[in-house]
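Colleague: here is a sequence with its predicted model. Questions after.
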Amino acid sequence: QKEVEQNSGPLSVPEGAIASLNCTYSDRGSQSFFWYRQYSGKSPELIMFIYSNGDKEDGRFTAQLNKASQYVSLLIRDSQPSDSATYLCAVNSQFVRALTFGSGTRLQVQP
Amino acid sequence: SQTIHQWPATLVQPVGSPLSLECTVEGTSNPNLYWYRQAAGRGLQLLFYSVGIGQISSEVPQNLSASRPQDRQFILSSKKLLLSDSGFYLCAWSVAGMGGWTDTQYFGPGTRLTVL
């Protein structure tokens, strides 16, 4: 069973700080990587995706991918209390036409 | 734009009762469709996915089944619910035919099922 690992948290950061969320994956054949945000009681919503090694920026969010080390991270700059949620890392699989999700990291941004 | 609907939003069912959850997608044709379950405080577990009408792949052998009677309709069923079936059921869709590079999945609002 291929896996995606995330620290469950909670990760607590003060408002305005940078939050760093990490994810490792085991399937070397994975090609696409996604970050979803899930508020309590709600369904996951896509934040961004990344396919190539390096950084990809979208507003306050930056995804970083290192395929050699098999990790992907998400940086949230100028964290806001509204960013408090669980962040799910997802990786495509070469074995099934679906994404494999990590268990998520709970982020708490303290006002 | 594409929209995905799920119903009901919440459901409380007794053990041993049947189940039918429905998911429909608007604004796209021939989508890939998925059913996930999320237990309390846990990650998403893939249950079924479908790449076309009548084509269902099961990832978890259990008392659940899925059907896709129409292109944009995906149904999750059970003949007899177990306590362990409680959870948050999520339907998702992705664009078909994009291969491994783009399998971006978009989720519906979910159905919260409690089995008592």
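Modeller: Everything's here; your move.
Colleague: centre of the chain to stretch B:55-66, how far?
Modeller: Centroid displacement of stretch B:55-66 relative to its chain, using CA atoms, centre = their mean, to the nearest Å, is 10 Å.
Colleague: measure residue B:78 to residue A:66 for me?
Modeller: 42 Å (CB to CB, to the nearest Å). For glycine as for every other residue, the C-beta is placed from the backbone atoms N, C-alpha and C.
Colleague: so which of those two has more stuff around it?
Modeller: residue B:78 (19 against 12; other CB atoms under 10 Å in any protein chain shown).
Colleague: identify the spatial nearest neighbour of the more buried one, chain neighbours not counted.
Modeller: Spatial nearest neighbour of residue B:78, excluding adjacent residues (CB to CB, 6 or more residues apart in numbering or on different chains): residue B:19 at 4.0 Å.
Colleague: ok, now which ones touch that neighbour?
Modeller: Contact analysis of residue B:19 by CB atoms under 8 Å, 6 or more residues apart in numbering or on different chains lists B:11, B:13, B:64, B:76, B:77, B:78, B:81, B:85, B:113.
Colleague: now the two most distant members of these.
Modeller: Greatest spatial distance among the contacts of residue B:19 (CB to CB): B:11 and B:64, at 14.0 Å.
Colleague: quick one, which of the two is more surrounded?
Modeller: Set residue B:11 next to residue B:64 and count neighbours by other CB under 10 Å: residue B:64 wins out with 21 against 16.
Colleague: how close does the residue nearest to the more buried one when sequence neighbours are not counted get to chain A?
Modeller: Computed as CB to CB, 6+ apart, the closest residue to residue B:64 that is not its neighbour in sequence is residue B:78, at 5.2 Å. Residue B:78 sits at a distance of 20 Å from chain A (criterion: CB to the nearest CB, to the nearest Å).
Colleague: how about residue B:78, phi and psi?
Modeller: Dihedral angles of residue B:78 (phi, psi; degrees, to the nearest 10) stand at phi -150, psi 140.
Colleague: what of the one 5 residues further on?
Modeller: In this entry, residue B:83 is assigned phi and psi values of phi -60, psi -40 (degrees, to the nearest 10).
Colleague: list the contacts for residue 84?
Modeller: Using chain A here. Counting by CB under 8 Å, 6+ apart, residue A:84 touches A:107, A:108, A:109.
Colleague: to clarify, I was referring to chain B.
Modeller: residue B:115.
Colleague: need the three-state assignment for it.
Modeller: The three-state label given to residue B:84 by DSSP: H, G, I helix; E, B strand; the rest coil is helix.
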